[in-house]
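> sequence plus the predicted model coming up.
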Number of protein chains: 2
Amino acid sequence: MNQILDFAKALADANRLKIVGLLVQQPYSVEELAALLNLKASTVSHHLSKLSQVGLVNAKTESYYNVYQLDEKALENKSKSLFSQENLSASVADIDADAYDNKVLKDYVKKDGSLKTIPAQQKKLEAILRYIVKSFKVGKRYTEKQVNEILSKYHEDTASLRRELIGFKLMKREGGGGEYWRE
Amino acid sequence: MNQILDFAKALADANRLKIVGLLVQQPYSVEELAALLNLKASTVSHHLSKLSQVGLVNAKTESYYNVYQLDEKALENKSKSLFSQENLSASVADIDADAYDNKVLKDYVKKDGSLKTIPAQQKKLEAILRYIVKSFKVGKRYTEKQVNEILSKYHEDTASLRRELIGFKLMKREGGGGEYWRE
DNA sequence: AATCCATTTCGATACTTATCGAATTAAATT
DNA sequence: AATTTAATTCGATAAGTATCGAAATGGATT
């Protein structure tokens, strides 16, 4: 599931690093690796299984032996691309939305409930909007004037708030008539 | 000491990856990270300590808070260079080159120095022969009778041992005369 | 078919480490 | 100086995993 985590875990063991280091030079069988590392074959098998799961090594059967070799391209590709900032940002995807919202609210909402400023960052803005939209009853129709009146409790720039609520699809607007509602 | 291992270990934890992912976007204090990750501050502090040890993050004190930020260059440099084949080969530095031979000897040589059996596998046989050949002085000439006498200490099948020593080029034989020597 | 051998799988144990709560430290506001 | 607040350190516990030995698996050789 989480590629970065699995890759890092695969290399986060001294003996697995040694195995990779040995396989850089030439392929080895499980038995040979065990002898070289002073480990039992079953332990080495376990390590090779982890390395294989992330695609760093693969085995080819040769008569009795199971000869493992390093996938050099996989090593190079993954190590150079996996830890990019983009990929790391993806690790954040499943962060508790409520916890994040609470924190943002704490940062941006004054004691009286109004906003210090309107956040520039999308994620933060969205959290703020989820908070604001609760002031509107689900299903009820509002005129633009009514919408502005409610939004003015939060920030003087009601036009921006109104636009963002629509943009993030937290509220809907009917084409010409200027009616707003929350679904 | 082992840079690669420490770096991989630092990133081999889901919550530390999330921390890095969050810090990609902006700096955070320990308290904020704890709120976002649903962890206690002491735990986050522990994680930040590990990330800091490998130079991925650094803190600057701001009034009450200790604000951590990502060292983006360190992240990029280390992730792209650390897992190169050269560096990984270095992990092998402390492996005993004779470990494999030692393992084979342990398996096949009895306490009195003689062989349990003569290994059938080439690699093992070669390791055994490298051990046996040390009984012959370099350069000295031996008759076949003398060779057999020495080999009989290891195994009754002296003919096989003699043949294999020649086959693996650990000893030489002069065409007709039946003289053997080690170069 | 029967046997042999390396490898894998499984169950148990030991070691590492993530996590928490409490106590301590450090810094800034009162 | 006293107090407040965030951060770190410490001790204990729980969770994860490396390691081993024994048993099972799967090919290959006889």
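Okay, I see it.

> so what's the gap between the worst-scoring helix or strand of chain A on mean pLDDT and the chain middle?
One helix or strand of chain A scores below all others by mean pLDDT, DSSP states H and E: helix A:97-108, with a mean of 78. Put simply, helix A:97-108 sits 18 Å off its chain's centre (CA atoms, centre = their mean, to the nearest Å).

> for the helix or strand just after that helix, give the mean pLDDT please.
Using DSSP states H and E, the helix or strand that follows helix A:97-108 in sequence is helix A:122-132. Averaging pLDDT along helix A:122-132 gives 85.

> what is helix A:122-132 packed up against?
Packed against helix A:122-132 by the contact rule (3 or more CB pairs under 8 Å, 6 or more residues apart in numbering or on different chains; DSSP states H and E) you find helix A:97-108, helix A:158-167. Where you see a C-beta, it was placed from the backbone N, CA and C, and this is true even at glycine.

> let's see 6 Å
Contact analysis of helix A:122-132 by 3 or more CB pairs under 6 Å, 6 or more residues apart in numbering or on different chains; DSSP states H and E lists helix A:97-108 as its packing neighbours.

> for chain A, just list every one of the helices.
A:3-10, A:14-25, A:30-37, A:41-53, A:72-81, A:85-90, A:97-108, A:122-132, A:144-151, A:158-167 (DSSP state H).

> looking at the ones you listed, which one has the lowest mean pLDDT?
For these, mean pLDDT drops lowest on helix A:97-108, to a mean of 78.

> mind listing what's buried along it?
Buried positions in helix A:97-108, judged by neighbour count with 16 or more other CB atoms under 10 Å in any protein chain shown: A:Y100, A:D101, A:K103, A:V104, A:Y108.

> same thing with stretch A:142-155?
Under the neighbour-count criterion of 16+ other CB under 10 Å, stretch A:142-155 has A:Y142, A:V147, A:I150, A:L151, A:Y154, A:H155 buried.

> distance to chain B for the residues you listed - can I get that in JSON lines?
Output for the buried residues of stretch A:142-155, formatted as JSON lines (distance: CB to the nearest CB, whole Å):
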{"residue": "A:Y142", "distance to chain B": "33"}
{"residue": "A:V147", "distance to chain B": "31"}
{"residue": "A:I150", "distance to chain B": "29"}
{"residue": "A:L151", "distance to chain B": "26"}
{"residue": "A:Y154", "distance to chain B": "23"}
{"residue": "A:H155", "distance to chain B": "22"}
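
> now render the helices of chain A as CSV, adding distance to B:A93.
Shown next, in CSV, are the helices of chain A (distance: least, CB to CB, whole Å):
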stretch, distance to B:A93
helix A:3-10, 21
helix A:14-25, 8
helix A:30-37, 13
helix A:41-53, 19
helix A:72-81, 19
helix A:85-90, 31
helix A:97-108, 45
helix A:122-132, 46
helix A:144-151, 66
helix A:158-167, 58
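
> mind putting the ones you listed into CSV with distance to DNA strand C?
Shown next, in CSV, are the helices of chain A (distance: least, CB to the nearest atom of the strand, whole Å):
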stretch, distance to DNA strand C
helix A:3-10, 10
helix A:14-25, 9
helix A:30-37, 3
helix A:41-53, 3
helix A:72-81, 18
helix A:85-90, 17
helix A:97-108, 12
helix A:122-132, 23
helix A:144-151, 32
helix A:158-167, 32
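
> for B:K9, find the nearest of those helices.
Closest to B:K9 of these, according to CB to CB: helix A:3-10, at 8.1 Å.

> centre of the chain to that closest one, how far?
Taking CA atoms, centre = their mean, the mean C-alpha location of helix A:3-10 is offset from the chain mean by 14 Å.

> is that helix in proximity to chain B?
Yes - contact of helix A:3-10 with chain B (CB under 6 Å from any CB of the partner chain) involves A:L5, A:A8, A:K9.

> between these, which is nearest A:H47?
Closest to A:H47 out of the residues of helix A:3-10 next to chain B is A:K9 (11.7 Å), distances taken as CB to CB.

> not counting sequence-adjacent ones, nearest residue to the closest one?
B:A12 (4.5 Å; CB to CB, 6 or more residues apart in numbering or on different chains).

> can you check A:F83 too?
A:F83 sits nearest to B:S79 (CB to CB, 6+ apart), 3.5 Å away.

> the one you found and A:S84: what is the separation?
B:S79 is 8 Å from A:S84, where distance means CB to CB, to the nearest Å.

> these two: which is more packed in?
Legend: neighbour count by other CB atoms under 10 Å in any protein chain shown for B:S79 and A:S84, higher for B:S79 (21 against 16).

> what does stretch A:71-84 rub up against?
With CB atoms under 6 Å, 6 or more residues apart in numbering or on different chains as the test, stretch A:71-84 has contacts from A:I4, A:F7, A:G55, A:L56, A:N58, B:S79, B:K80, B:F83.

> PyMOL command for the buried members of the residues you listed?
Buried members of the contacts of stretch A:71-84, defined by 16+ other CB under 10 Å, are picked up in PyMOL with:
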select buried, (chain A and resi 4+7+55+56) or (chain B and resi 79+83)
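
> could the contacts of stretch A:71-84 go into CSV alongside distance to A:Y68?
Converted to CSV, those look like this (distance: CB to CB, whole Å):
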residue, distance to A:Y68
A:I4, 23
A:F7, 18
A:G55, 13
A:L56, 10
A:N58, 7
B:S79, 25
B:K80, 26
B:F83, 18
